[in-house]
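# Task: produce atomic coordinates for the following.
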Amino acid sequence: MSTASYRQLRFVAPAGSTEFLLIRHGESAAADPDRGFDLVGGQGDPPLAPEGEHQAERVAARLASLGIDAIYVTTLRRTAMTAAPLARALDLTPQVEADLREVFLGEWEGGLFRQKVAQNDPIAVRMREEQRWDAIPGGEPNEEFAKRVRGAVERLAARHPDQRVAVFTHGGVIGQAIALAGGSAPFAFLGSDNGSISQLVVDGPVWHVRRFNDTAHLDHGRTVGLT
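Sure thing, here's the model as predicted:
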């Protein structure tokens, strides 16, 4: 009689794969209907709110001991501001990956998107029902958005085999990346919290989702911590 026993398998990142920690930027400044946000490349570029600065510090405390090999931010300052405490703690200089900037909201850039969604504007309702950003006049088509997010992830994965990278990005980008990994509906993973951490392991064409919207390090944390 065999005396062998077998424990349940645990996930091990495949050799040559890249681990992505996708951090949504901290809460940004409130939109003022009388004065839109400054624009960078046509996109709204608000700074962090005080709450967002606090979230950035909590993110740094959570990730500083995890062996981060590189930090990436986008062209929008709310990501750079969120990354700053971790970059200081690790003495790493964040690199910019422009293609991981937020989805382009067309005529609703500069803070108007928040107002229209809060008012349940008919176009916002159609956007949600059809799960298409280009329901907004001038908004980025889903196909183009998915293509640039996939391309950016693939480039960074090729650059960082067997490494862990922290990517400070946006809610729409995180939702799109997780949707690409899981083959889900486009908006299935929208709504990650400010300062949350999601995790992908990219092994060539195979993307493993390891966590989504982890907020254990935040004041309202509800999820299990990273190990």
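
# Tell me who's in contact with residue 132.
Neighbour list for residue 132: 139, 141, 142, 186 [criterion: CB atoms under 8 Å, 6 or more residues apart in numbering]. Every C-beta, even on glycine, is put in place using the N, C-alpha and C of the backbone.

# what's around the closest residue to the last one other than its chain neighbours, how many residues?
Leaving out its chain neighbours, the residue that sits closest to residue 186 by CB to CB, 6 or more residues apart in numbering is residue 131, at 4.6 Å. By other CB atoms under 10 Å, the residues close to residue 131 number 14.

# on that earlier part again, which PyMOL command selects the buried ones in the contacts of residue 132?
Only the buried entries of those go into this PyMOL selection, using 16 or more other CB atoms under 10 Å:
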select buried, resi 139+142+186
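
# Adding distance to residue 20, secondary structure and pLDDT, write the contacts of residue 132 out as JSON lines.
Listed next are the contacts of residue 132 as JSON lines, based on distance: CB to CB, whole Å; DSSP: H, G, I helix; E, B strand; the rest coil; pLDDT from 0 to 100:
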{"residue": "139", "distance to residue 20": "26", "secondary structure": "coil", "pLDDT": "98"}
{"residue": "141", "distance to residue 20": "24", "secondary structure": "coil", "pLDDT": "98"}
{"residue": "142", "distance to residue 20": "21", "secondary structure": "helix", "pLDDT": "98"}
{"residue": "186", "distance to residue 20": "19", "secondary structure": "coil", "pLDDT": "97"}
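
# Save the contacts of residue 132 as CSV, and put in distance to residue 16 too.
Below are those laid out as CSV (distance: CB to CB, whole Å):
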residue, distance to residue 16
139, 37
141, 33
142, 30
186, 29
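
# Of the contacts of residue 132, which is the nearest to residue 220?
residue 186 (26.8 Å; CB to CB).

# give the contact list for the residue nearest the centre of the chain.
In the chain, the C-alpha closest to the average C-alpha coordinate belongs to residue 174, at a distance of 3.6 Å (CA atoms, centre = their mean). Contact analysis of residue 174 by CB under 8 Å, 6+ apart lists 22, 24, 189, 192, 198.

# So the closest residue to residue 115 other than its chain neighbours versus residue 13, what's the distance?
Nearest residue to residue 115, sequence neighbours excluded (CB to CB, 6+ apart): residue 33, at 5.9 Å. Separation of residue 33 from residue 13 (CB to CB, to the nearest Å): 46 Å.

# So which of the two has more stuff around it?
residue 13 (15 against 9).

# Let's see the pLDDT reported for the more buried one.
For residue 13, the pLDDT comes out at 95.

# so which strand or helix has it?
Assessed by DSSP states H and E, residue 13 sits outside every helix and strand.

# can you pull out the strands in this structure?
Here the chain has its strands, by DSSP state E, at 18-24, 39-40, 43-44, 70-73, 95-96, 163-169, 197-203, 206-214.

# rewinding a little: per-residue confidence for the residue nearest to the centre of the chain?
Confidence score, pLDDT, at residue 174: 98.

# Provide a list of residue ranges in this protein with pLDDT below threshold.
1, 221-227 (pLDDT under 70).

# now do the same end-to-end measure for stretch 107-115.
From its first residue to its last, stretch 107-115 covers 12 Å (CA to CA, to the nearest Å).
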